[in-house]
Each structure stands twice: as structure tokens, then as C-alpha cells.
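**Q** here is a sequence together with a model predicted from it:
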Amino acid sequence: MYAVIYITAKDAVQAKEIARRLVEERLAACANIIEKVTSIYWWRGKIEEDEEAFIIVKTIKEKVPAIVKRVKELHTYEVPEIIALDITEGSKDYLHWLKEETGGDT
């Protein structure tokens, strides 16, 4: 019923733009930004290392496809990291708030 989505961005500016849009559009109830993470990954046959920003988005599961679509529209990466994980437990008050803020059934 609930999901947390991990998204990396090229920098804090892009991360804030994406996060703000997702919250403004009620696709997400909340987004946290960690401004500097080091990412080491394979890209086009070689290992790359970059400083990126990390976005943690909280939402309801039914919004995940719309978030994936919206992030792809806003993101500058050819293949942005957008990974959704189910939230199976949590504070009932927080999860209720999350549903209310994203327009889910209450």
C-alpha cells in the first residue's frame, strides 16, 4: 500500500527540483535529499565514480508508475535510478498522513 522510492540526481539543484515537483503534484507526501553521495557504477563498459545527490521519496504504491514517468521527464540522465520498495510496517499516524497527502483512500 505504501512505497519508498530511491532516486539519484546529478546534484542537489536537480534533486530539489525533482523532489519539489513530486510533492507539489501530490505524487509524494515527502521527499528527503542527501546532497552528496558517492556513486560507483558500471556505465558503457567501464566503472564510473561520481558525486550525486540522493532523493528518498515516500508515497502510496498506486503513485509509483506516475512518479517513474514524471522523474524520467524531469531528469537529465539517460537512465535515471528510480527504485521503489514496499513499506510493510511503520507508524500508523505517519502512514495515515502519507495517504492523506497523496490523495489515497483514507
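**A** Now that the structure is in, tell me what you want to look at.
**Q** now do the buried residues in stretch 10-23.
**A** 12, 14, 15, 16, 18, 19, 21, 22, 23 (16 or more other CB atoms under 10 Å). C-beta coordinates here come from the backbone N, C-alpha and C atoms, glycine included.
**Q** nearest to residue 85, of these?
**A** residue 22 (16.1 Å; CB to CB).
**Q** just confirm residue 4 contacts residue 85, I think it does.
**A** Yes: taking CB atoms under 8 Å as the definition, residue 4 is a contact partner of residue 85 at 5.3 Å.
**Q** so which of these two has more stuff around it?
**A** residue 4 (17 against 11; other CB atoms under 10 Å).
**Q** max-length helix in the chain?
**A** helix 12-24 (DSSP state H).
**Q** alpha carbons of that helix, as CSV, please.
**A** What follows is helix 12-24, C-alpha atoms only, in CSV (Å, rounded to 0.1, in the frame of the first residue of the first chain):
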residue,chain,number,x,y,z
ALA,A,12,21.4,19.0,-5.2
VAL,A,13,19.8,21.5,-7.5
GLN,A,14,18.3,18.8,-9.7
ALA,A,15,17.4,16.7,-6.7
LYS,A,16,15.5,19.7,-5.1
GLU,A,17,13.7,20.4,-8.4
ILE,A,18,12.6,16.8,-8.8
ALA,A,19,11.6,16.4,-5.1
ARG,A,20,9.6,19.7,-5.1
ARG,A,21,7.7,18.8,-8.3
LEU,A,22,6.7,15.3,-6.9
VAL,A,23,5.5,16.9,-3.7
GLU,A,24,3.7,19.8,-5.4
